[in-house]
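Visitor: take a look and give me a structure for this.
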Amino acid sequence: MKKALLIASLVVLSFYGFGRGYYDFSVVCETGQTLYYKIIYGTDHEVRLTYPGSLNDPYQGFEEPQGEIILPETVVYEGQTYAVTEIDRNTFRGCANLTGTLIIPNTVKTIGSLAFWYCTGFTQLVLPNAMESIGHDAFSDCSGLTEVTFPSALQVIESHAFSDCSGLVSLTLPSSLQIIENRAFWSCTGLTGTLYIPASVDSIGPCVFSYCNDLDAIIVDPDNPKYYSENNALITKNDKTILTACKNTVIPDDIRGIGSYAFASMSTLTEVPELPLTLRIIDDHAFYACPFIGNLVLPDSLEFIGECAFSFCHGLNGSLSIPDAVTQIGDYAFLECEGFDGTLTLGQSLTSIGNMAFTWCTGFTGSLIIPNSVRTMGYSTFSHCSGFNGSLTIPEQLTVLREGSFYDCSGFSDTLTIGSFLQSIEALALYNVSNLSAIIAKPFSAPQASADGIFAFIPTDVPIWVSCGSVESYQNAAGWNAFTNYNEDFIYAFRATSTDESLGTVVILQEPSCDNGSVAIVQAVPKENAEFYIWKNNDFFVSSNPTYTLEVKKDCDLKAYFRLYDNLDEATTEIPFYPNPTKGLIHIDLSEVQFVEVFDILGKFIFVSEKATIDLSGLPSGVYVVKITLSDGQIKIGRVLKE
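Guide: Coordinates of the predicted model:
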């Protein structure tokens with residue numbers, strides 16, 4: 001055991017150079033600083049300039065280099081000359097007292113990540129001509145740098161390499177450059193003049209020049225295959241997205257996307273820009289904290305609003321209408337846009353509203369109508385929106401009401417309706433929604449509501465209407481049991497209609513009510529030369545029986561489908577489905593399939609499916625008729641043999 005421990009100790013000491021840290025030797029350079037080196041074994045006498053301390057504190061227990069410094073091309077150790085070919089990660093990290101011009105020796109091939117991070121005293125940087133790449137964060141936060149001379153062979157600038165170098169006043173990118181990774185020049189706020197992108201640049205990551213807002217112009221070499229410039233904007237050719245803007249940018253008319261941070265904190269953007277009718281995406285932080293004043297008009301083409309897209313845009317006013325094509329509003333999208341003083345209209349395709357998307361938008365007035373398409377809402381989505389009034393309806397498809405969703409929305413003064421599928425309400429979700437006239441709770445079982453402050457300041461005697469037979473569930477549930485005024489009634493929306501009244505009508509034989517157990521009976525009545533074939537309830541096919549009985553425990557939009565009478569004997573074998581014969585699965589090789597019906601050989605309906613792959617494995621062997629209805633109304637009929 002002692003021998004094993006001794007061997008392990010020797011291995012550790014050998015790796016760390018017998019107590020000298022992560023280096024093999026040190027040499028005092030000509031400007032008087034002690035520099036540390038690691039021999040790169042397997043090379044022709046090359047060394048890596050490195051640090052003596054720990055990864056978190058590179059000079060812990062050692063004197064940190066300061067003043068003007070000259071880095072050597074070669075060093076001598078034990079009579080052997082070594083070429084300095086690498087600068088290790090963290091080597092001079094945080095050495096803020098290094099000053100003057102930093103000249104990287106021509107022998108150096110690579111510079112590691114964070115090698116000169118926060119070396120704020122350097123004013124100029126000269127890189128070796130043969131250097132092909134600069135590591136991530138290599139010179140980030142070198143705020144004293146005013147000038148960088150890039151090598152003619154440079155191909156890659158990695159992420160954050162010069163981020164927050166606020167002293168840089170100009171930038172000349174070499175014609176060899178191919179890749180600029182994300183945030184490479186993030187927040188280089190001192191840059192002015194013209195940014196020129198060479199033809200060689202093949203890849204520009206997100207937010208490369210974000211917060212470089214004092215640039216006067218942006219020009220891309222016309223021979224660049226991936227990017228172009230127009231109206232002083234850097235734009236992708238493939239999807240027409242603005243990656244970078246400057247103080248003189250005007251959004252072109254055919255733009256489809258505005259990239260992350262493209263206009264963030266643009267102090268010269270004092271008027272709300274006119275957004276093109278082609279715009280589909282406003283990405284994260286696109287207009288974050290812009291000082292513009294006026295009404296924001298979002299085009300009907302818009303599909304996505306990213307995280308913080310307009311947060312802290314205090315000057316936005318009037319009403320806001322989210323277009324119907326928008327499916328997602330990101331976290332904090334309109335956080336603290338308290339200048340809005342009109343109504344908020346949410347589009348009918350919206351499925352997700354992010355965390356704090358409208359928090360502190362205190363000026364919105366009128367009713368808030370959240371479409372039933374919404375499936376998820378983040379925490380504090382509408383907190384402190386005290387200007388909304390009237391009724392509030394929690395969407396049918398929402399299952400969780402997140403923490404603080406409507407915190408301090410005290411303006412709602414009518415009915416709160418809770419959707420049928422809500423399962424839980426988190427802390428403070430309805431805190432101080434205190435002026436409600438009634439609550440309609442559609443879930444048959446009381447949603448979990450045991451967290452703190454959910455119903456705080458809502459009067460305990462407010463009338464609460466619940467569905468038939470569910471009063472006891474609410475009276476015994478945590479949180480809900482504080483209320484005293486429960487009432488039972490049929491509370492769901494119920495509608496039964498025909499999709500084409502020229503082919504058939506619907507008769508409601510029995511309306512659902514508490515007296516009949518919430519049971520509805522409907523009948524589909526086809527007209528001459530037409531036939532009924534299926535009922536659809538909300539988004540699901542439910543029955544092929546013309547007289548349909550159902551128990552209604554949620555909002556119900558029942559539709560009867562009719563068609564002109566078809567002679568299934570006119571089946572053809574030209575329908576492209578396979579395999580035929582089949583042991584079970586059939587794949588239909590047609591686009592835009594609306595639904596597929598399966599009948600037995602006598603014409604008796606068996607089932608319907610909305611998928612282009614159907615499964616006959618549960619049916620007896622025999623011949624079946626398959627009827628395919630396409631989205632354009634075309635009908636295809638064929639026979640298949642089930643083995």
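Visitor: now S544. Nearest residue, chain neighbours left out?
Guide: F605 (4.7 Å; CB to CB, 6 or more residues apart in numbering). For every residue, glycine as well, the C-beta is placed using N, CA and C.
Visitor: same deal with L215?
Guide: Closest to L215 by CB to CB, 6+ apart is C246, at 3.8 Å.
Visitor: any idea how far L195 is from the one you found?
Guide: 7 Å (CB to CB, to the nearest Å).
Visitor: shared neighbours of those two, which are they?
Guide: 212, 215, 217-218 (CB atoms under 8 Å, 6 or more residues apart in numbering).
Visitor: biggest separation within the residues you listed, which pair?
Guide: C212 and A217 (11.9 Å; CB to CB).
Visitor: so for these two, which sits in the more crowded spot?
Guide: C212 (24 against 15; other CB atoms under 10 Å).
Visitor: next up, the contacts around that one.
Guide: So C212 contacts 185, 187-189, 191, 195, 244, 246 (CB under 8 Å, 6+ apart).
Visitor: before we move on, which element is it in?
Guide: Under DSSP states H and E, no helix or strand contains C212.
Visitor: state the pLDDT value of it.
Guide: On the pLDDT scale, C212 is placed at 96.
Visitor: just checking, S544 touches F599?
Guide: No - counting by CB atoms under 8 Å, S544 sits too far from F599 to count as a contact (10.2 Å).
Visitor: give me the common contacts of these two.
Guide: F605.
Visitor: care to break the chain down by domain?
Guide: 16-238, 251-388, 494-564, 568-642 (automatic domain parsing).
Visitor: give the contact list for the most far-flung residue of the chain relative to its centre.
Guide: In the chain, the residue that sits farthest from the middle, by CA atoms, centre = their mean, is G79; the gap is 59.1 Å. Neighbour list for G79: empty [criterion: CB under 8 Å, 6+ apart].
Visitor: per-residue pLDDT, it?
Guide: 94.
Visitor: again with N567
Guide: At N567, the model reports a pLDDT of 56.
Visitor: can you tell me how far the closest residue to W117 other than its chain neighbours is from G504?
Guide: Nearest in space to W117, with sequence neighbours left out and distances taken as CB to CB, 6+ apart, is R93 at 4.7 Å. Note on R93: its distance to G504, by CB to CB, is 77 Å.
Visitor: ok, S391 next?
Guide: 36 Å.
Visitor: who's more crowded, the two?
Guide: Shown here are S391 and G504; by other CB under 10 Å, G504 has more neighbours (21 against 18).
Visitor: low-confidence ranges in the stretch 501-643 of the chain?
Guide: The model of the stretch 501-643 of the chain has pLDDT under 70 over residues 565-575, 633.
Visitor: try it again with 80
Guide: 533, 539, 544, 564-577, 589-592, 594, 601-605, 610, 629-635 (pLDDT under 80).
Visitor: quick one, helices of it?
Guide: Assigned by DSSP state H, counting those that start in this stretch, the stretch 501-643 of the chain shows no helices.
Visitor: cool, and the stretch 1-150 of the chain?
Guide: Counting by DSSP H, counting those that start in this stretch, the helices of the stretch 1-150 of the chain are 2-15.
Visitor: which parts of it are strands?
Guide: Along the stretch 1-150 of the chain, counting by DSSP state E, counting those that start in this stretch, strands occupy 25-28, 34-40, 46-50, 67-68, 74-77, 80-87, 98-103, 110-111, 122-126, 133-134, 147-149.
Visitor: quick one: the strands in the stretch 401-550 of the chain?
Guide: So, for the stretch 401-550 of the chain - with DSSP E, counting those that start in this stretch - the strands run 412-418, 424-425, 438-441, 464-466, 486-488, 494-498, 504-510, 519-526, 530-537, 540-543, 547-551.
Visitor: for the second one, packing partners?
Guide: To tie it back to what came earlier, the one meant is strand 424-425. Applying 3 or more CB pairs under 8 Å, 6 or more residues apart in numbering; DSSP states H and E, one finds that strand 424-425 contacts strand 400-401.
Visitor: how about 6 Å then?
Guide: Of the remaining helices and strands, none touches strand 424-425 by 3 or more CB pairs under 6 Å, 6 or more residues apart in numbering; DSSP states H and E.
Visitor: contact partners of that strand?
Guide: 400-401, 447-449, 454 (CB atoms under 6 Å, 6 or more residues apart in numbering).
Visitor: drop anything exposed from these.
Guide: Using 16 or more other CB atoms under 10 Å as the burial test, those include 400-401, 447-449, 454 as buried.
Visitor: which among those gets closest to Y407?
Guide: Nearest member of these to Y407, counting by CB to CB, is I454, at 10.3 Å.
Visitor: and the pLDDT for that closest one?
Guide: Looking at I454, the pLDDT reads 94.
Visitor: who's in contact with it?
Guide: 425, 429-430, 479.
Visitor: going through those residues, which ones are buried?
Guide: 425, 429-430, 479.
Visitor: of the domains of the chain, which approaches P395 most closely?
Guide: domain 251-388 (4.4 Å).
Visitor: let me see the mean pLDDT of the closest one.
Guide: Here the average pLDDT along domain 251-388 is 97.
Visitor: likewise for stretch 32-43?
Guide: 95.
Visitor: who touches it?
Guide: By CB under 6 Å, 6+ apart, stretch 32-43 touches 23-26, 28-29, 46-48, 50, 52, 65, 69.
Visitor: mind doing that once more with 7 Å?
Guide: Contact with stretch 32-43 is made by 22-29, 46-52, 63, 65, 69, 75, 86, 88, as judged by CB atoms under 7 Å, 6 or more residues apart in numbering.
Visitor: thought G339 was touching G318?
Guide: No - contact criterion CB atoms under 7 Å: G339 and G318 do not qualify, at 8.7 Å.
Visitor: does F421 touch Q397 like I think?
Guide: Yes - at 6.1 Å, F421 counts as touching Q397 under the criterion of CB under 7 Å.
Visitor: from F62, how far out is the nearest residue to S26 once chain neighbours are set aside?
Guide: Spatial nearest neighbour of S26, chain neighbours left out: Y36 (4.9 Å); criterion: CB to CB, 6+ apart. To F62, Y36 is 8 Å away according to CB to CB.
Visitor: got any ranges where the stretch 1-150 of the chain has weak pLDDT?
Guide: Ranges of the stretch 1-150 of the chain meeting pLDDT under 80: 1-22.
Visitor: try 90 this time
Guide: 1-22, 43, 54-56, 60-61, 109-110, 129-130 (pLDDT under 90).
Visitor: end-to-end on stretch 417-433?
Guide: Terminal residues of stretch 417-433 lie 13 Å apart, using CA to CA, to the nearest Å.
Visitor: for that stretch, buried residues please.
Guide: 417-422, 425-433.
Visitor: now it: average pLDDT?
Guide: 96.
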